[in-house]
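# generate a structure from the sequence data that follows.
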Amino acid sequence: MTQPRKCTFHITSLILLLSTFLIAACTDNTTNDSDAPISNDASNINTALSSLPLEVVSTEEAEGLYYMREEEKLAHDVYSTLYTVNSKTIFDNISDSEQTHTEAIKLLLERYSLTEPVTDASIGTFQNSFLQSLYDSLVARGSLSLIDALIVGATIEEIDIIDIQNELDNNVDNQDIALVYENLLKGSRNHLRSFTQNLTNQGVIYTPQYLDQVTYDSIVSTPTETGN
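Residues are numbered from 1 along each chain as shown. Prediction:
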């Protein structure tokens with residue numbers, strides 16, 4: 001199997017950004033995680049894929065699928081772990097969505113008979129050593145407090161948006177891969193809206209760490225997205 005690529009950021013810079021993240025707090029520490037949106041339902045994706053032609057998968061497309069399969073698993077595993085730490089339903093809800101995301105990538109791997117990179121489905125276990133280190137650091141930071149956990153969630157969604165968009169812009173030509181990635185983007189934007197709204201409810205003003213301010217503002221200022 002071709003070794004999955006690393007995304008463009010480095011774990012040291014992520015840890016530094018998380019450790020130096022400045023927040024503005026006020027006295028209102030209420031939170032509302034019951035309205036955290038689950039990403040758009042991917043249950044119909046397999047049907048949608050069946051209507052599209054099989055195409056030749058490039059090396060770049062295959063490498064992207066290998067990496068995104070584990071990156072989406074990382075999001076699921078981090079949120080599942082943080083839910084056990086603080087019992088906030090936003091993490092339970094969004095971990096379910098991330099399971100849908102990683103399974104959608106798996107459908108593409110199976111469709112093209114590509115090697116499955118998830119050889120161990122256990123929580124917190126990854127074949128990609130970079131993602132393994134990233135998982136460990138994110139869980140450690142997110143376990144410090146609810147606010148830290150929500151910041152970690154927003155950070156993961158920013159990274160997902162950037163990585164998926166990069167695949168769409170630079171590597172993906174196949175219609176079926178593009179379909180799945182566009183659905184994943186909708187889910188990640190919804191998750192970012194939910195995490196940042198929960199931070200606002202905690203009295204925290206979130207500053208984007210990877211997305212540019214214009215892109216971030218355009219996401220969080222628009223309603224939850226629906227549909228496939």
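
# I'd say residue 147 and residue 205 touch.
No - taking contacts as Cβ atoms under 8 Å, residue 147 lies outside contact range of residue 205: 11.5 Å. Just so you know, the C-beta spots here come from the backbone N, C-alpha and C atoms, and that holds for glycine as well.

# looking at these two now, which is surrounded by more residues?
residue 147 (20 against 12; other Cβ atoms under 10 Å).

# for the host helix or strand of the more buried one, packing partners?
Assigned by DSSP states H and E, residue 147 belongs to helix 146-170. Contacts defined by 3 or more Cβ pairs under 8 Å, 6 or more residues apart in numbering; DSSP states H and E place helix 146-170 against helix 11-20, helix 59-86, helix 89-111, helix 129-142, helix 175-201.

# out of those, which is closest to residue 119?
helix 59-86 (10.2 Å; Cβ to Cβ).

# give the buried residues for the closest one.
By 16 or more other Cβ atoms under 10 Å, the buried positions in helix 59-86 come out as 61-83, 85-86.

# ok, now stretch 109-129?
109, 111-112, 114, 117-118, 126-128.

# what's the first helix or strand after the helix or strand of the chain at the bottom of the mean pLDDT ranking?
Here the helix or strand of the chain ranked lowest by mean pLDDT, DSSP states H and E is helix 11-20, holding a mean of 42. Downstream of helix 11-20, the first helix or strand assigned by DSSP H and E is helix 45-50.

# for that next one, packing partners?
helix 89-111, helix 175-201.

# what does it rub up against?
104, 107-108, 111, 176, 179-180, 183, 228 (Cβ atoms under 8 Å, 6 or more residues apart in numbering).

# any idea of the mean pLDDT for it?
If you average the pLDDT over helix 45-50, you get 84.

# likewise stretch 82-90?
On average, stretch 82-90 scores 97.

# can you check stretch 190-200 too?
97.

# where's it relative to the chain centroid, distance-wise?
13 Å (Cα atoms, centre = their mean, to the nearest Å).

# let's see that stretch as CSV, backbone CA atoms only.
Extracted in CSV, the C-alpha atoms of stretch 190-200 (Å, rounded to 0.1, in the frame of the first residue of the first chain):
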residue,chain,number,x,y,z
ASN,A,190,-21.6,21.9,10.8
HIS,A,191,-19.4,20.5,13.5
LEU,A,192,-17.2,23.7,13.5
ARG,A,193,-20.4,25.7,13.9
SER,A,194,-21.5,23.6,16.8
PHE,A,195,-18.2,23.6,18.7
THR,A,196,-17.7,27.4,18.4
GLN,A,197,-21.3,28.0,19.4
ASN,A,198,-20.8,25.9,22.5
LEU,A,199,-17.6,27.9,23.2
THR,A,200,-19.6,31.1,22.9
